[in-house]
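1. Need coordinates for the following:
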Amino acid sequence: MRVTTAAEMRALDRLAIETYGLPGEVLMENAGAQVVRVLCQEYPDLRARHVAVLCGRGNNGGDGFVIARYLHNMGVSVQVFLIGEPQTIRGEAALHLNIMSHLGLTPQVINTPEAAQTLEAQCRQYDLLIDALLGTGLKSEVSGLFRHVIAAMNAAGRPIVAVDIPSGISADTGTLLGAHVKADLTVTLALPKRGLLLYPAADSVGQLVVVDIGFPAALREDASLRCQLLECHEVAAQLRDRVADTHKGNYGHVLVVAGSLGKTGAGALASMAALRTGAGLVTFGVPHSLNAAMEAKLTEVMTIPLPESEEGVLGSEAAKRLVEHAEGMSALVIGPGLGTHPETVHSLHDILRQIHLPTVVDADGINALAATPPRLGDIHAPLVLTPHPGELARLRHTTTGQIQADRLAAAQETAEALGVVVVLKGAHTIIAEPAGTLTINPTGNAGMATAGTGDVLAGMIGAFLGQGYEPGLAARLAVYIHGLAGDMAAATLGQRSMTAGDLLDFLPRAFQYMESHRDASAVSWEHHWVTRGARASAPMTVT
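-> Sure, this is the predicted structure:
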C-alpha cells in the first residue's frame, strides 16, 4: 500500500478533481460518509451516544461538517464546535457548512481564549469527540485557540476519533507539533500518511483505519509515491516454494562472520536465524579461541576458526582465511558482536573488499565503517546495512536525535549516497533502497527491544540473499517476518519476558502464517499492526 506525504496527498486530490472530474465536494462527502460508517462499526451503540464534532476552518473541518450531518440524520445527538469565524470558511468546506446549517445544526463558535477555556467542561458532557480541527497541512507548532481546544479534548477523558490525522501531528515525519490530539481511533482518507506510521506520533494514532473515498485505483497506485507500507499478502506472494526434487545446495550457503570474547551469542543467533529462514547451509566464522565452544553449541552450523590478534579478537589475517573458504558460498553476514579492535576493523574492510558475495553489514560492522570512512567504491558486493539509529548517526557523523527527527529522510539519504540498501531498525523499521524507494514495516512490538533481536534479523536477511533474492526484497521479507514472529511471541509470552531466542522459536509459525496468506482475497486486513508504545498493539484496517 502506498504511503503519502501531505504534499503528495494534495497532488492526488488535484488529479482526482482535474483529471478524473471528481468534484472536491463529492470527495469531501465521501470522506465524511466513510468516517461515519467506521463509527457505526466501532461503536455499535452510536445512536445512543452524545457526540461532539470539533471543526477547524479548512477541509478537515469540512469533513467534520459532513460527519455531523450524517450523524444528525441518523438520529444521533450531535453538537458541532467551530474554531474560528464561520465567514472565513471557503470552498467545499463552506458548501458543507451551509448544507449542515440548513438542517438546523448550528455550530457553537469558539473564537476567543475565554470560550476555548470553557470547552473542557463542555467536552465532558459528550460520550464521543470527533477531531476535525487541523488535518494534514499543519507544519508549525499548534498555537492560539487550537492549543486550548486540543488540551480540552485530551483532558475530557472521552474517546476521541481523529479524521484523517490527529491534530497537531506532522503528516510527513511523525513529529509532535506541540499540543496534539491523543486519539483512540484515526480514520485516514484514501491512503495512510507517513506521519501516522512513525513515532512518536504513532503513539497518538490509536487504531488506524484507512477508508476509500472514491479515488481511482490508478491514483492509489501512482508510481510517483515512493513510500509503501508492507502488507502480508504482498510479502507472502514473494516467498518462493521449496520444490520436492531438491537438496540443501539449492537454498544457499550463508557465511556468518561474527563474535568476539563475551559476544559469541550474536553470531550464534544470526547463524540459527539463517537456518530458520531456509538457508541450506550456514558456516560461522569465529575467532579461533572461541571456535570449540561454538562447535559444541551449534549442532546444525559449521564453523571456521579464524586468525586472532589476541584471544577472542578477529585478526588482520582473517580475510585471507575466509577467501579460501568463500567459494561456493552465496551470502555473507558480517559484524554481530565482532567488536571494534583496530585489527578487527582492518580485517572487516579487507573481507568486504575481497569477498564479493551479497552482504549484510550489521552492528560492529557498521561501527567499523563509521570509524574508518567507508570506501564503498572498493566494495563490489551488493550491501544491506542494518543500523539502529545510534549506528546510523555514527555512520553519518550526526546525532541520534537528528536521525530520529526524520527517520525516513535519514535512511533514504544514506541509501542513495552509498548505493546500498539501508534497514533502519526501530519502531517502525524502515527499508530504504538506492533508487529512492522507501518501505515502512508495520509488524513488531516493544518486546523486541532486547539484546540479540537485531542479530536474528541480520541472519534472516542473509538467508534470503543466499537463496537468490535481490537485496531490497530480501530486506523487506526478513523485516516483515521478523516482526511477525515477534508479534506471535508477544501474543503467547507477553512482551516483558521476550528474548531473541523466542523469535527463533516462532519463526516456523510465522512462515506457516505467511504461506497460508498468499491470496489477498482470503486475507483479513487486520494482520497489520501499529504498535502503541507499552500499550497493547492496535490493528490497522483497510476498508
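2. Which strand residues bridge residue 162?
-> Assessed by DSSP bridges, residue 162 has beta-bridge partners residue 131, residue 186.
3. I'd assumed residue 186 was in contact with it.
-> Yes - counting by CB atoms under 8 Å, residue 162 does reach residue 186; the two are 4.4 Å apart. All C-beta atoms are positioned from the backbone trio N, CA, C, and that covers glycine.
4. Identify the contacts common to these two.
-> By CB atoms under 8 Å, 6 or more residues apart in numbering, residue 162 and residue 186 have these common neighbours: 205-206.
5. which of those two has more neighbours?
-> Ranked by neighbour count (other CB atoms under 10 Å), residue 162 and residue 186 place residue 162 first, with 33 against 30.
6. which residues does residue 115 contact?
-> By CB under 8 Å, 6+ apart, the contact set of residue 115 is residue 109.
7. Centre of the chain to the one helix or strand residue 352 maps to, how far?
-> Residue 352 belongs to helix 342-354 when assigned by DSSP states H and E. Once both centres are worked out by CA atoms, centre = their mean, to the nearest Å, helix 342-354 turns out to sit 33 Å from its chain's centre.
8. tell me what it is packed against?
-> Contact here means 3 or more CB pairs under 8 Å, 6 or more residues apart in numbering; DSSP states H and E; on that basis helix 342-354 packs against strand 313-314, helix 318-325, strand 331-334, helix 364-371.
9. Out of these, flag the one nearest residue 263.
-> helix 364-371 (8.6 Å; CB to CB).
10. Going toward the C-terminus from that closest one, what's the next helix or strand?
-> That would be, after helix 364-371 and using DSSP H and E, strand 383-386.
11. any idea of the mean pLDDT for that next one?
-> Across strand 383-386, the average pLDDT comes to 98.
12. Given it, what are its sheet partners and their directions?
-> As assigned by DSSP bridges, strand 383-386 forms pairs with strand 359-362 (parallel), strand 421-424 (parallel).
13. So what touches the last one?
-> Surrounding strand 421-424, the residues in contact under the criterion CB under 8 Å, 6+ apart are 382-389, 392, 403, 407, 410-412, 414-415, 429-434, 457, 461, 471-472, 475, 479.
14. Could you rerun that using 7 Å?
-> Contacts to strand 421-424, defined as CB atoms under 7 Å, 6 or more residues apart in numbering, come from residues 384-387, 392, 407, 410-411, 414-415, 429-433, 471-472, 475, 479.
15. Of the residues you listed, keep whichever come out buried.
-> Among the contacts of strand 421-424, the ones that count as buried by 16 or more other CB atoms under 10 Å are 384-387, 392, 407, 410-411, 414-415, 429-433, 471-472, 475, 479.
16. From the residues you listed, which land in strands?
-> Residues of these located in strands (DSSP state E): 384-386, 430-432.
17. Quick check: the two most widely separated of these?
-> Pairwise distances across these (CB to CB) peak at 13.0 Å, for the pair 384 and 430.
18. anything in contact with each of these two?
-> With CB under 7 Å, 6+ apart, residue 384 and residue 430 have no common neighbours.
19. picking that back up, okay, the helix holding residue 352 in PDB with CA atoms only?
-> In PDB, the C-alpha atoms belonging to helix 342-354 read as follows (Å, rounded to 0.1, in the frame of the first residue of the first chain):
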ATOM      1  CA  PRO A 342      41.800  -1.800  15.300                       C
ATOM      2  CA  GLU A 343      42.800  -5.200  13.700                       C
ATOM      3  CA  THR A 344      39.200  -6.300  13.600                       C
ATOM      4  CA  VAL A 345      38.200  -3.100  11.800                       C
ATOM      5  CA  HIS A 346      41.100  -3.500   9.300                       C
ATOM      6  CA  SER A 347      40.100  -7.200   8.700                       C
ATOM      7  CA  LEU A 348      36.500  -6.300   8.200                       C
ATOM      8  CA  HIS A 349      37.400  -3.800   5.400                       C
ATOM      9  CA  ASP A 350      39.600  -6.400   3.800                       C
ATOM     10  CA  ILE A 351      36.800  -9.000   3.900                       C
ATOM     11  CA  LEU A 352      34.300  -6.600   2.300                       C
ATOM     12  CA  ARG A 353      36.800  -5.800  -0.500                       C
ATOM     13  CA  GLN A 354      37.800  -9.400  -1.200                       C
END
